[in-house]
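I would like the atomic coordinates for the input below:
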Amino acid sequence: MTEPVPPSEPTPDQPAEPTFETLSSVFGFPQSWKILNALADGSSLLKNEVADRCELSMEAVTKHLNRLRDAGIVVAPRGKLYEIDPRLVADKANRLLDFGCCTLRLKDNLPND
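Okay, here's the model as predicted:
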């Protein structure tokens, strides 16, 4: 029987796993949910593409992408393309994200407000 591999320590360019407190503060905004939903299929999108998919203003998208990035949920590894941190994507096909403290399954679409 093999022993479980301990989680690796985050490096300076690799943020720590989001905490429950961080998640609860970020997920209090419907705009964050819309953005997560737009990226949950593994897409890497520009801000204007996120705005189009989510039917949000560029100002709102910028604000909430920054919140999600600061929380360690969204990354921009290729400059201006945003995506969900690949370490959090447990199952791309089923749109399942694993935050360590909880697992989140996103629907294929969210109702518009």
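
end to end, how far does stretch 91-101 reach?
16 Å (CA to CA, to the nearest Å).

tell me which element Y82 is part of?
Y82 is located in strand 81-84, with elements delineated by DSSP states H and E.

Which secondary structure elements does that strand sit against?
Applying 3 or more CB pairs under 8 Å, 6 or more residues apart in numbering; DSSP states H and E, we find strand 81-84 packed against helix 30-39, strand 74-78. Every residue, glycine included, has its C-beta placed from N, CA and C.

looking at those, which is buried most?
helix 30-39 (a mean of 21; mean count of other CB atoms under 10 Å).

neighbouring contacts of the following helix or strand past that helix?
Using DSSP H and E, the helix or strand that directly follows helix 30-39 along the chain is helix 47-54. When contacts are defined by CB atoms under 8 Å, 6 or more residues apart in numbering, helix 47-54 is touched by residues 31, 34-35, 37-39, 45, 56-58, 60-62, 65, 80, 82.

among those, which two are most distant?
Spatial extent of these (CB to CB) is set by the pair N37 and K80 at 20.2 Å.

can I assume C101 sits in a helix?
No - with DSSP: H, G, I helix; E, B strand; the rest coil as the criterion, C101 is located in coil rather than a helix.

Got phi/psi on it?
Main-chain torsions, C101, degrees, to the nearest 10: phi -80, psi -20.

What about the residue lying closest to M58 once chain neighbours are set aside, how many residues nearby?
Nearest residue to M58 in three dimensions, chain neighbours excluded: A51, at 5.3 Å (CB to CB, 6 or more residues apart in numbering). By the criterion of other CB atoms under 10 Å, A51 has 20 neighbours.

starting at the chain centroid, how far to stretch 40-52?
Stretch 40-52 has its C-alpha centroid displaced from the chain centroid by 11 Å (CA atoms, centre = their mean, to the nearest Å).

Helix or strand with the lowest mean pLDDT in this structure?
helix 20-26 (a mean of 82; mean pLDDT, DSSP states H and E).

distance between it and the chain's centre?
Counting by CA atoms, centre = their mean, helix 20-26 comes out at 12 Å from the chain centroid.

Need the contact partners of it.
P18, S32, R67, L68, A71, G72, I73, F99, C101, C102.
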